[in-house]
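Peer 1: What follows is a predicted structure for the sequence shown.
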Amino acid sequence: MSGLTVLVVDDEALARNDLAWLLSQADDVDKVLTASSGTEALKHLGDGTAVDALFLDIQMPSLNGLELARLLKNYKKSPATVFVTAYEEYAVDAFSLEACDYLLKPVDEGRLDQTIRRLLRSVAGSQTSGDSFATLTCRVGSSSFTIDRDEIVIVEAAGDLVRVHTAEDSSHLVRESISSLTAAWASSGFLRIHRSYLVRATNIERVRTSGGARSVEIWGQQLPVSRRYNRLLDDYFAR
């Protein structure tokens with residue numbers, strides 16, 4: 001699974017554009033589409049556009065967000081749904097429709113990050129069963145071999161692939177995305193610290209701050225921590 005493709009549906013242009021921009025800055029979102037109404041959103045989906053998640057305003061003319069979500073339940077494979085509204089009173093209705101999350105306007109960037117991680121887990125769970133990516137397949141020439149997740153300490157993005165670094169100090173290219181592994185391994189002790197790095201949290205030896213920039217040390221190697229993932233790192237050490 002690569003990063004998410006999301007569709008923002010809101011009749012208010014300012015709110016729609018603000019949320020679309022925030023989503024476009026997220027490392028795990030590849031593509032952001034927009035629609036100004038529920039009807040326009042249905043056209044996107046009817047055209048065969050592959051969408052992982054909808055960010056739906058609730059109060060819209062003609063076809064509101066709740067009505068659109070009910071219609072989507074008739075789809076053989078409907079996108080995950082996140083409701084985005086200024087009103088708390090719709091939460092019960094939203095979750096009765098199995099919404100993935102419920103965001104209040106104005107949307108907080110940190111809260112949006114939590115939603116994106118939840119969406120990644122949801123999408124990964126719908127695409128795989130059992131223990132997701134418990135082993136990875138590496139190919140060298142015409143031969144292949146597997147690496148257990150428990151052997152891996154650092155995952156590094158490498159274009160459309162990832163390079164996994166093992167406890168034996170070896171590294172191998174794997175045809176997976178860092179986003180899919182982040183979602184699948186969130187409950188297995190791995191922590192995203194940067195758009196390019198996913199690490200086994202128990203192997204972090206220390207956290208450094210220099211000139212306002214943070215990094216973690218693993219095996220004497222300094223890996224950068226981006227601002228977006230500072231809160232995740234702090235939450236882990238606060239447990």
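Peer 2: Happy to help now that I have it.

Peer 1: Let me see the contact set for H194.
Peer 2: For H194, the contacting residues are L223, P224, V225, S226, Y229, by C-beta atoms under 8 Å, 6 or more residues apart in numbering. To be clear about C-beta, it is placed using only N, CA and C from the backbone, and glycine gets the same treatment.

Peer 1: Buried only: go through these for me.
Peer 2: Among the contacts of H194, those classed as buried by 16 or more other C-beta atoms under 10 Å are L223, V225, Y229.

Peer 1: picking that back up, now the contacts of H194 in CSV, with secondary structure and pLDDT?
Peer 2: As requested, the contacts of H194 are exported to CSV (DSSP: H, G, I helix; E, B strand; the rest coil; pLDDT from 0 to 100):
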residue, secondary structure, pLDDT
L223, strand, 97
P224, strand, 96
V225, strand, 95
S226, coil, 92
Y229, helix, 88
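
Peer 1: Quick one: those residues as a markdown table, columns for distance to A134 too.
Peer 2: Below are the contacts of H194 laid out as a markdown table (distance: C-beta to C-beta, whole Å):
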| residue | distance to A134 |
| --- | --- |
| L223 | 24 |
| P224 | 28 |
| V225 | 27 |
| S226 | 28 |
| Y229 | 24 |
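
Peer 1: Bridged to A80, which residues?
Peer 2: Applying DSSP bridges to A80 gives these bridge partners: A53.

Peer 1: Would you map out the domains in this structure?
Peer 2: Here the domain parsing of the chain from automatic domain parsing is 4-127, 135-238.

Peer 1: Would you mind finding the most buried of the ones you listed?
Peer 2: Counting by mean count of other C-beta atoms under 10 Å, domain 4-127 has the highest mean neighbour count of the domains of the chain, with a mean of 17.
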